[in-house]
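J.: Prediction below, plus the sequence it came from.
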Amino acid sequence: MFRRFAPFAILPLAMAAGGATANELNPDVSVTLDGYYKQNETALSHREQGFGLGHTELSLSSPIDDLFSGRLTAVFEEHDGESEVLIEEAYLQTNGLPYALNVRAGRFLSQVGYLNGRHMHEDDFVERPAAYRAMLGSHYYDTGARLNVLLPTPFFWQLGAEAFAGDQLTEGDEDIGVYTVNTRLGGDISLSQSWQLGLSWLRNRHATLADTGDGSHDHDHEDGHDHSHGAAYTGENLYIADLVWKWSPNGNNREQQLTLSGEYLYADELNQFAASDDTNEGWYVSGVYQFAPQWSAGVRYGEVDLQEAHGDHFHNQTLEETDVMLSWSRSHFSTVRLQYTHQETTGFSNADNTVMVQYVMSLGAHGAHGY
Amino acid sequence: MGTDMTLRNAVAALLLIMASVPAQAQLRVFACEPEWAALVRALAPDAEITAATSHLQDPHYIEARPSLIAAVRRADIAVCTGASLEAGWLPMLLQRASNPDIQAGRAGLFFAADHAQLHAPHDHVDRSMGDVHPEGNPHVHLSPDQLPEIARALAQRLGEIEPEQAAAIQGRYIRWRGNWNRARTEWRARAEALEGRSLVVQHSSSSYLLRWLNVDTAADLEPKPGLPPSASHLSQLLADPALLEASAILITSYQDLQPAEWLAEQTGLPVVVVPGTVTGEAPTETLSGLISEIIRQIESAEPGASDGGI
């Protein structure tokens, strides 16, 4: 490929024209404000009752040089009156290695599943589906490295592998506690329709040695909810299949867009006491219709069937959850959302129905329109 | 041992797939908007061109779809507008496609706005002003005076990417330039008859052409750049004396017709729907054809006559 070596030196210097100021060398700063009011406590939730702040983030990103770019995202959260700052992302990313290889290293969101790699403020509902909250702690991020390759096929086909410390999912002694492999395919069906399919496998080497509690039948830890942000229900193997289909007339998603998505999560080898039929399972389907440039309405239904570890045995827990939401975005950068959540459970003491009002505001740099 | 073999087989299969895609001699171009696809077609007719958007889509709001990522992965050069028009999706496409040729600062990423003098650049911008681009109005493809410079720079860049085609591309550029100059002389003559007219618009998509034609903008249906027309803004517009001077309401084909039609009903102004950019069909399949057609539609729009539109 001769043209790979086209002389870069004769790039027009005009690129920098137009009064570039020193400011442009500063990283892009973006702040996301996420606040809510929640009427009742719900099961498996990371949001407490009453007024609260959700996933408030501060993110800095910039090209580092022509090969690397980087991002730092700090998340501010409050639990039981205590403020915390969490480093959700602190990674470097390569820009265009040969053969369309793509390396990311540091702290970042794992790319398993459809929702996990996305920032929470891009979501269409106040909280992630119950399956994500239980099995991935809403979003699994960790410290490690990723290698992706995009195959030169006429349709979209990506293969990827990640290795992580694993402690954000389950505390343990292995240096590399979690591996993931993932593939993603996608394309357009017509001018108006597009799709993406993903298959992921997450190997959690810490899961078998996880702390299983003392076996006492005390349900307190559900109510004073998990402070670790880790996933409460893990297994040595987690498999995820996800499918997304989007439709907008003539592909003009500014005016109207219908998004149908669904995921299935399955975990086995839950811990050292698990029998082969002790598994965690969850799924959801979601339909969101943006019926006008500023308005969206959506419905989501999901189920989880979980095994809660109690020393050497398990307690079965199930949750069926239905969410209905309506959201209004004044501009690209502001969203106000009204949501009603209905829960039906067995084995959870704090399940309830609730109304939630949420705002998500973006300040600063223009966020990406991910698929 | 077994896993080892499977892995080796998988790697072998992967290499086979990568090798089986022939290293084509054909130039592969990813155009962010159809206007740049049309310009590339004029300069390099043999190129395999993928246009990321169509005239029916608002280029500000595209998502980084899998098909677009795959197209950037396969391309030799991406030709885009720049000036933050694609800020919501192009950076993500470039990152996900991780094509080493098409990255910021490399020859394979061409921004038209880098070769144009943009109108209305802002020293101070904040989001309360709407979706304003600090670099200036990016919809430069309808500027009769700026297109030649963009085409010249694009011809040069395509020649750098495909050196064995450089002379042929340069030759086509010179021919294109001659045709453009002839068309521009004709537009100038037609513009004289339009002088003093004013139009109600929606968004600043046609403002380069309107300014060149000396056609005034009486009002904008958008309350702020990028915000959809609201009922309160439209009723405010009704009271605007500038509306009495206007001869038509000009909107582009990807925009919602309802606000313009509502205002047309209240005022009796005709609604003119023009493609915001080149379409796949004559007479608007080229940039000069598009400009001629927009001028024709403005000419034919008379107040009171409501047969505008395409």
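T.: Good, I have the coordinates. Numbering: from 1, shown residues only, chains lettered A, B, ... in the order given.
J.: if I pick residue 156, what's in contact with it?
T.: Reading this off chain A. Residues in contact with A:Phe156 (C-beta atoms under 8 Å, 6 or more residues apart in numbering or on different chains) are A:Leu150, A:Arg184, A:Leu185, A:Gly186, A:Gly187, A:Gln196, B:Pro66, B:Ser67, B:Ile69, B:Ala70. C-beta here means a position set from N, CA and C on the backbone, and glycine is covered the same way.
J.: among the residues you listed, which are in strands?
T.: Members of the contacts of A:Phe156 lying in strands (criterion: DSSP state E): A:Leu150, A:Arg184, A:Leu185, A:Gly186, A:Gly187, A:Gln196.
J.: So which of those is the closest to chain B?
T.: Proximity of these to chain B was ranked by C-beta to the nearest C-beta; the top entry is A:Gly186 with 2.7 Å.
J.: If we ignore the residues flanking it in sequence, what's nearest that closest one?
T.: Spatially, and ignoring its direct neighbours in sequence, A:Gly186 is nearest to B:Pro66 (2.7 Å; C-beta to C-beta, 6 or more residues apart in numbering or on different chains).
J.: And the residue most central in space within chain A, how far from A:Ile240?
T.: Nearest residue to the geometric centre of chain A (C-alpha atoms, centre = their mean): A:Asn116, 2.6 Å. Distance, A:Asn116 to A:Ile240, by C-beta to C-beta, to the nearest Å: 8 Å.
J.: Just give the number of residues close to residue 115.
T.: In the absence of a named chain, this looks at chain A. By the measure other C-beta atoms under 10 Å in any protein chain shown, the count of residues near A:Leu115 is 25.
J.: That was the other one, I meant chain B.
T.: Neighbourhood size, B:His115 [other C-beta under 10 Å]: 24.
J.: backbone phi and psi for A:Arg47, please?
T.: Per-residue torsions, A:Arg47: phi -120, psi 130 (degrees, to the nearest 10).
J.: okay but it is in contact with A:Lys38, surely?
T.: Yes: at 5.7 Å, A:Arg47 and A:Lys38 qualify as touching, with contact defined as C-beta atoms under 8 Å.
J.: anything in contact with each of these two?
T.: With C-beta under 8 Å, 6+ apart, A:Arg47 and A:Lys38 have common neighbours A:Met356.
J.: quick one on the thing from earlier: just the buried residues of the contacts of A:Phe156.
T.: Among these, the ones that count as buried by 16 or more other C-beta atoms under 10 Å in any protein chain shown are A:Leu150, A:Arg184, A:Leu185, A:Gly186, A:Gly187, A:Gln196, B:Pro66, B:Ser67, B:Ile69, B:Ala70.
J.: ok, how many other residues are close to the spatially closest residue to B:Gly276 that is not a sequence neighbour?
T.: Spatial nearest neighbour of B:Gly276, excluding adjacent residues (C-beta to C-beta, 6+ apart): B:Thr252 at 3.4 Å. Close neighbours of B:Thr252, defined as other C-beta under 10 Å, add up to 21.
J.: repeat for B:Asp126
T.: Counted by other C-beta under 10 Å, the residues lying close to B:Asp126 total 10.
J.: mind listing what's buried in stretch B:227-247?
T.: Neighbour-count burial for stretch B:227-247 [16+ other C-beta under 10 Å]: B:Leu227, B:Pro228, B:Pro229, B:His233, B:Leu234, B:Leu237, B:Leu243, B:Ala246, B:Ser247.
J.: What's the first helix or strand after the one helix or strand the fifth one maps to?
T.: Put plainly, it is B:Leu234. Counting by DSSP states H and E, the element that carries B:Leu234 is helix B:231-238. Under the assignment DSSP H and E, the closest C-terminal helix or strand after helix B:231-238 is helix B:242-245.
J.: Show me what that next one is packed up against.
T.: Applying 3 or more C-beta pairs under 8 Å, 6 or more residues apart in numbering or on different chains; DSSP states H and E, one finds that helix B:242-245 contacts strand B:198-201, strand B:216-220.
J.: Try it again at 6 Å.
T.: Applying 3 or more C-beta pairs under 6 Å, 6 or more residues apart in numbering or on different chains; DSSP states H and E, one finds that helix B:242-245 makes contact with strand B:216-220.
J.: quick one, strands of chain B?
T.: Going by DSSP E, chain B shows strands at B:28-31, B:48-51, B:77-80, B:109-111, B:198-201, B:216-220, B:246-252, B:271-274.
J.: And for the stretch 51-200 of chain A?
T.: A:56-63, A:68-79, A:82-94, A:101-109, A:141-150, A:156-164, A:178-188, A:193-204 (DSSP state E, counting those that start in this stretch).
J.: In a markdown table, list the ones in strands among the contacts of A:Phe156 along with pLDDT and distance to A:Phe291.
T.: Shown next, in a markdown table, are those (pLDDT from 0 to 100; distance: C-beta to C-beta, whole Å):
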| residue | pLDDT | distance to A:Phe291 |
| --- | --- | --- |
| A:Leu150 | 94 | 34 |
| A:Arg184 | 97 | 28 |
| A:Leu185 | 97 | 29 |
| A:Gly186 | 96 | 24 |
| A:Gly187 | 95 | 25 |
| A:Gln196 | 97 | 22 |
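J.: Okay, now the unreliable bits of chain A?
T.: A:1-23, A:213-230 (pLDDT under 70).
J.: for it, which helix is longest?
T.: Using DSSP state H to define each element, chain A has its longest helix at helix A:130-135.
J.: Which elements pack onto that helix?
T.: Here helix A:130-135 touches strand A:257-268, strand A:280-292, strand A:295-310, going by 3+ C-beta pairs under 6 Å, 6+ apart.
J.: Please tabulate those strands in CSV, including the columns distance to A:Glu78 and mean neighbour count.
T.: Shown next, in CSV, are these (distance: least, C-beta to C-beta, whole Å; neighbours: other C-beta atoms under 10 Å in any protein chain shown):
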stretch, distance to A:Glu78, mean neighbour count
strand A:257-268, 28, 20
strand A:280-292, 27, 19
strand A:295-310, 26, 19
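J.: how about these in CSV, adding distance to chain B?
T.: Conversion of the helices and strands packed on helix A:130-135 to CSV gives the following (distance: least, C-beta to the nearest C-beta, whole Å):
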stretch, distance to chain B
strand A:257-268, 9
strand A:280-292, 8
strand A:295-310, 10
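J.: Turn those into JSON lines, including distance to A:Val336.
T.: Shown next, in JSON lines, are these (distance: least, C-beta to C-beta, whole Å):
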{"stretch": "strand A:257-268", "distance to A:Val336": "19"}
{"stretch": "strand A:280-292", "distance to A:Val336": "15"}
{"stretch": "strand A:295-310", "distance to A:Val336": "11"}
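J.: burial of the residue nearest to B:Gly226 when sequence neighbours are not counted, as a residue count?
T.: With C-beta to C-beta, 6+ apart as the criterion, B:Gly226 has its nearest non-adjacent residue at 2.9 Å, and that residue is B:Asp131. Using other C-beta under 10 Å, B:Asp131 has 20 other residues around it.
J.: Just the pLDDT for B:Ile294.
T.: For B:Ile294, the pLDDT comes out at 93.
J.: show me what contacts it?
T.: Counting by C-beta atoms under 6 Å, 6 or more residues apart in numbering or on different chains, B:Ile294 touches B:Val274.
J.: for A:Asn95, same thing?
T.: So A:Asn95 contacts A:Ser69, B:Gln103 (C-beta under 6 Å, 6+ apart).
J.: mind listing what A:Glu269 touches?
T.: Counted by C-beta under 6 Å, 6+ apart, A:Glu269 has contacts A:Gly235, A:Glu236, A:Asn237.
J.: make it 7 Å
T.: Residues near A:Glu269 by C-beta atoms under 7 Å, 6 or more residues apart in numbering or on different chains: A:Ala207, A:Thr208, A:Gly235, A:Glu236, A:Asn237.
J.: ok, B:Asp101 touching B:Gly108?
T.: Yes: using C-beta atoms under 7 Å, B:Asp101 is in contact with B:Gly108, at 3.7 Å.
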